[in-house]
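Peer 1: Predicted model and sequence follow; I will ask about them next.
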Amino acid sequence: MLDKTGIAKRIAKEVKDGYYVNLGIGIPTLVANYVRDDIEVEFQSENGVLGMGPFPFEGEEDADLINAGKQTITTLPGASFFDSSMSFSMIRGQHVDLTILGAMEVSEEGDIANWKIPGKMVKGMGGAMDLVASAENIIVAMMHTNKAGESKLLKKCSLPLTGVACVKKIVTNLAVIEVTSDGFKLLERAPGISVEDIRKATEGTLIVEGDIPEMEL
Amino acid sequence: MINKKVANVTEAMKGVEDGMTLMLGGFGLCGIPENAINNLVKLNVKGLTCISNNAGVDDFGLGLLLHKRQIKKMISSYVGENDEFERQMLSGELDVELVPQGTLVERCKAAQSGFPAFFTPAGYGTEVAEGKEVREFNGKMYVLEEAFKADFAFVKAWKGDAAGNLIFKGTARNFNPAMCGAAKITVAEVEELVPVGSLDPNQIHIPGIFVQRIFEGKDYEKRIEQRTVISK
């Protein structure tokens, strides 16, 4: 089974040379740490920066330079700043190549829910609805089950939706899964996890074809 | 040169009354109009509708107005990290309209630009689209969203001049430019008010035509919400 770092490491392998990438809050933010250093990638943050760098050294943090998670950051050579409108032109206009975000639930049709639990928790959608409505290439990073042990990969989402039929790939602590027209197609298993373990943790239709390889990290 | 300079925040905020709709720039605590917010607390105006991406934190930014129950309605995209906001919203004390972030900024920009409404794919098939017109363009579904109408826009810039020209710094730019000229009166507070003619026209982010009042702000705290650093 993978921890959050493991999920981030596996997703980092999906990041290709020349990609502009938007990373959501949480596990997705960690992905930047594990992208191969022999490829050129630029990270976009929806609050208005392209070419985001690592966290600053202690004492060099700048209140006017944060990411979408409100964390202090730095910029890399070639970086640019812009306003929120232009930022969402990049997103809505499909200029960003890959979007990685977290989720509370994903359905086998690719619907995603990640902004609200009625009566209990409302964080808001932030930029997630804009991202999932427009991005061609969306990967969800999440744990396979919630804290109560219930599957987060469902036939139908039970929570208010963030977007419909938009998720293409899911990387969890147990598996790599592709969302197809027939359901969740199992591509890879996490180290030490069996197909049966994944089946038990998946409420939606799980498609298993042939031998399922173990993830390489 | 048309002079937009006012002496201080008190003069800049003349005309702000109970029940008004206000736009406030900033993302989290980054680039928020601190002087205007602190003055709203002092004026104790009530029944406000505030259009702002976030609502500050419990003891800073718009969180100060929430604590004093000055806000009737918030229009925001993200309210996480503010316990008082979440509490007031879940208990029904506060009316909240949650808007996708790209839609939120574009509804400001539409008001700035003279568009009554626009179509966006964001929120299609979700509760955000409920009761709104949807339409198909080239095989994809879009939701009709309307421009905001606001009485005042409070924005914060890094540098500005008496002509109302503004330059922003880093990610403190965020929602501020789209709110300029998007309300009946735009009030800009700047960290540094420089002499007219000293800003390079090539570098100006917002031309003074979008700004009605400008003043040099005082005592900026510029609080950091998530201080993330690596050791040397």
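Peer 2: Arrived safely.
Peer 1: all helices of chain A, in order?
Peer 2: Using DSSP state H, the helices found in chain A span residues A:4-12, A:27-31, A:84-92, A:128-134, A:195-200.
Peer 1: Hmm, I typed the wrong one, I wanted chain B.
Peer 2: With DSSP H as the criterion, chain B has helices at B:9-12, B:34-43, B:63-67, B:83-90, B:101-113, B:176-179.
Peer 1: and the ones you listed, which is most packed in?
Peer 2: By mean neighbour count, with neighbours taken as mean count of other Cβ atoms under 10 Å in any protein chain shown, helix B:176-179 ranks first of these at a mean of 30. Bear in mind the C-beta positions are built from the backbone N, C-alpha and C, glycine included.
Peer 1: what about that one, distance to the chain center?
Peer 2: 7 Å (Cα atoms, centre = their mean, to the nearest Å).
Peer 1: Now it - C-alpha only, PDB.
Peer 2: Output of helix B:176-179 as PDB, limited to C-alpha atoms (Å, rounded to 0.1, in the frame of the first residue of the first chain):
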ATOM      1  CA  ASN B 176      -7.600  43.100  -8.000                       C
ATOM      2  CA  PRO B 177      -7.300  44.100 -11.700                       C
ATOM      3  CA  ALA B 178     -10.600  42.500 -12.700                       C
ATOM      4  CA  MET B 179     -12.400  44.500  -9.900                       C
END
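Peer 1: Show me what it is packed up against.
Peer 2: Under the contact criterion of 3 or more Cβ pairs under 8 Å, 6 or more residues apart in numbering or on different chains; DSSP states H and E, helix B:176-179 touches helix A:84-92, helix B:101-113, strand B:150-160.
Peer 1: B:A129: which of the ones you listed is closest?
Peer 2: Of all the helices and strands packed on helix B:176-179, helix B:101-113 sits nearest to B:A129, with 10.5 Å by Cβ to Cβ.
Peer 1: Contact partners for the residue of chain A most remote from its centre?
Peer 2: Going by Cα atoms, centre = their mean, the residue of chain A most distant from its centre is A:G59, 30.5 Å out. Listed by Cβ atoms under 8 Å, 6 or more residues apart in numbering or on different chains, the contact set of A:G59 reads B:V229.
Peer 1: same question, the one 3 residues further on
Peer 2: For A:D62, the contacting residues are A:P56, A:T72, B:G170, by Cβ under 8 Å, 6+ apart.
Peer 1: Name the nearest residue to A:A12, sequence neighbours excluded.
Peer 2: Closest residue to A:A12 apart from its sequence neighbours, by Cβ to Cβ, 6 or more residues apart in numbering or on different chains: A:Y34 at 3.7 Å.
Peer 1: I figured the one you found was touching A:K4, is that so?
Peer 2: No. The criterion here is Cβ atoms under 8 Å, and A:Y34 misses it with A:K4 at 11.7 Å.
Peer 1: circling back to that earlier point, looking at the helices of chain A, which is closest to B:G19?
Peer 2: In terms of Cβ to Cβ, the element of the helices of chain A nearest to B:G19 is helix A:84-92, at 26.9 Å.
Peer 1: what's in contact with that closest one?
Peer 2: Under the contact criterion Cβ under 8 Å, 6+ apart, helix A:84-92 has outside partners A:20, A:22, A:44, A:46-48, A:50, A:95-96, A:99, A:127, A:130-131, A:133-135, B:27, B:53, B:101-102, B:104-106, B:108-109, B:120-122, B:174-175, B:177-178.
Peer 1: Pull the contacting residues for the residue of chain B found nearest chain A.
Peer 2: Closest residue of chain B to chain A, Cβ to the nearest Cβ: B:G102 (3.2 Å). The contact partners of B:G102, by Cβ under 8 Å, 6+ apart, come to A:S84, A:S87, A:F88, A:I91, A:R92, A:G127, A:M129, A:D130, B:T120, B:A122.
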